[in-house]
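> Got a predicted structure plus its sequence, pasted below:
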Amino acid sequence: QVQLVESGGGLVQAGGSLRLSCAASGTIFSIKDMDWYRQAPGKQRELVATYFSGGSTNYGDSVKGRFTISRDNAKNTVYLQMNALKPEDTAVYYCKLTYSTGSYPTVFHDYWGQGTQVTVSS
């Protein structure tokens, strides 16, 4: 079993900052990637940022230059530092973990967190 605990969401004014955290625990042998997605009301879920196992990162176009994803491998935790927030960043933010359990052959699984609400007021 795997658990993802997300925290750090809340209400902030436009131009402000928030830091989201997502801590993974449970039957995890290795972590491949950790991602942040978001879903605004009436819209499809979209990729915000990815932290790949090799240390490289990827960002959605709408957050480049404002958001930074980082990861603490010792804590199995991924962070999303969000700066210069805009009202259009308002959404439920979800953490996604891609991991293996150590079985052979290696199979990677995806697991989603419960989501944390981020609301940016104008």
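All right, it came through fine.

> Hmm, residue 51 is touching residue 68, no?
No - using Cβ atoms under 8 Å, residue 51 is not in contact with residue 68; the gap is 10.1 Å. Every residue, glycine included, has its C-beta placed from N, CA and C.

> Ramachandran angles for residue 89?
Phi and psi for residue 89, reported as degrees, to the nearest 10, are phi -80, psi -10.

> if I've got this straight, residue 74 is in a helix?
Yes - using DSSP: H, G, I helix; E, B strand; the rest coil, the assignment for residue 74 is a helix.

> Could you give the number of residues near it?
Other residues near residue 74 number 6, with proximity taken as other Cβ atoms under 10 Å.

> Also the one 10 residues further on?
Other residues lying near residue 84 total 13 when counted by other Cβ under 10 Å.

> any idea how far it lies from residue 55?
In this view, residue 84 and residue 55 are 25 Å apart by Cβ to Cβ, to the nearest Å.

> element containing the spatially most central residue of the chain?
Centre of the chain computed as the mean C-alpha position; nearest residue by Cα atoms, centre = their mean is residue 36, 2.5 Å away. Assessed by DSSP states H and E, residue 36 sits inside strand 30-39.
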